[in-house]
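# below is the sequence, then the predicted model.
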Amino acid sequence: MKILITGINGAHARMVALRLRARGDEILGIDRRPWPDAPEGVHVFQTDVRKRPAADVFRQHRPNVVIHMATITHFTASAEERLRINLHGTRLVFEYCHEFGVKQAVFVGRHTIYGAAPDAPLYRTEEEPPLAVSTFPELADLVAADLFAAAALWRWPGLKTAVLRMVYMLGPTHRGTLASFLAGPRVPMILGFDPLYHFMHDEDGVEAIVRAVDHQLSGIYNVAGPPPVPLSTLARGTGRQPIPIPEPLFKYSAGRFGLPYLPPGAVAHIKHPIVVDATAFRRATNFEHKHDAHAVMVSFRES
């Protein structure tokens, strides 16, 4: 197949590209960053998905499948930039898919859109509403992008659309939201709370994305690996020191004393769990993770 990956220079997107190329697919990529040593058969177009040259890639090359991974989760970018990339970029990618005859689109989203709250069910199913807009306002752009991708299911029924709400990916790449949270020697916790954290190995995440393509999924799916573990266990398992902090003092310590910077809305995410039920995805794709939680933590710690 001819498969286009947006955001192809991200660590996990590169892994997806190499996996698909190794089995013989032709890979196209769009990214603002160059991939100077891209292997043969991987053609990278250095442009922004929101710019006219990106539309030309769709028009001229007519991919069969698009895997949309050109979203950002880090908070070093401004809110306006995140909105432009995450929402407006997603809108344009799906409009290009419809206009230029793409058969299948896979949107790689995040399970954090469900939001963390004390009264939320432990296991979130795909029917649960995304509450992060109210519990974590800084994630509003990702919620909007997810909802726009989901709307493609009824707006363009001829386009097979899979919206993957994936748990954190963690492993030797040291890339992603959870990896950034664990980057330093200390991990902040809110005193009196030890929420479950749901994550999967980098390689298992890549396998899940590939399976979504192979099974031509259409619909919204939670994607998860091993069962979740408490944050304190995650910190110690990755060689970090958990630091309980009284909640009133948390905002004064974020980004200081070897602790990661977190926006105000993140407090709920280190107090309450976001755990998903991935039964539907496993049934649809026969997906089984290969790395248990201990192996994931060790691979992150030792890489």
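Thanks, I have the structure now. Numbering: from 1, shown residues only.

# for K2, list each beta-bridge partner.
E26 (DSSP bridges).

# cool, and the one 4 residues further on?
Following DSSP bridges, T6 is listed with bridge partners I30, H68.

# can I assume it is in contact with M69?
Yes: counting by CB atoms under 8 Å, M69 is a contact partner of T6 at 6.0 Å. C-beta coordinates here come from the backbone N, C-alpha and C atoms, glycine included.

# quick one, which of these two is more surrounded?
T6 (26 against 23; other CB atoms under 10 Å).

# what about the more buried one, distance to R23?
With the distance defined as CB to CB, to the nearest Å, T6 ends up 20 Å from R23.

# ok, now P195?
Taking CB to CB, one finds P195 at 38 Å from R23.

# more neighbours: which of the two?
Per other CB under 10 Å, whichever of P195 and R23 has more neighbours is P195, with 21 against 9.

# for the host helix or strand of A105, the averaged confidence score.
Assessed by DSSP states H and E, A105 sits inside strand 104-110. Averaged across strand 104-110, the pLDDT comes to 97.

# now stretch 248-263
The model assigns stretch 248-263 a mean pLDDT of 84.

# what is the distance between it and the centre of its chain?
24 Å (CA atoms, centre = their mean, to the nearest Å).

# give me the residues contacting it.
75, 138, 180-181, 183-188, 190, 243, 245, 264, 267, 270 (CB atoms under 8 Å, 6 or more residues apart in numbering).

# please repeat the previous calculation with a cut-off of 6 Å.
Contact with stretch 248-263 is made by F75, E138, F181, G184, P185, R186, P188, I245, as judged by CB atoms under 6 Å, 6 or more residues apart in numbering.

# how close does the third one get to Y123?
So that's F181. Taking CB to CB, one finds F181 at 22 Å from Y123.

# out of those two, which sits in the busier spot?
F181 (24 against 16).

# how far away is the more buried one from E127?
28 Å.

# same check, this time on S303
Distance from S303 to E127, by CB to CB: 37 Å.

# let's see the distance spanning stretch 239-252 from one end to the other.
Distance across stretch 239-252, first residue to last, is 24 Å (CA to CA, to the nearest Å).

# quick check, distance from that stretch to the centre of its chain.
25 Å.

# also stretch 266-278?
On CA atoms, centre = their mean, the centre of stretch 266-278 falls 15 Å from that of its chain.

# can you check stretch 272-280 too?
Distance, centroid of stretch 272-280 to centroid of chain: 14 Å (CA atoms, centre = their mean).

# give me the contacts around it.
111-112, 114, 116-118, 122-125, 195-196, 198, 221-224, 228.

# of these, buried ones?
The neighbour count (16 or more other CB atoms under 10 Å) marks 111-112, 114, 116-117, 123-124, 195-196, 198, 221-224, 228 as buried among the contacts of stretch 272-280.

# go through these and name the one nearest R155.
The closest of those to R155 turns out to be Y221 (CB to CB; 18.7 Å).

# tell me the secondary structure at the closest one.
strand (DSSP: H, G, I helix; E, B strand; the rest coil).

# can you check the pLDDT for it?
98.

# can you report how many residues lie near the closest residue to it other than its chain neighbours?
Residue nearest to Y221 in three dimensions, not counting chain neighbours: F281, with 4.1 Å by CB to CB, 6 or more residues apart in numbering. F281 has 27 neighbours, counted by other CB under 10 Å.
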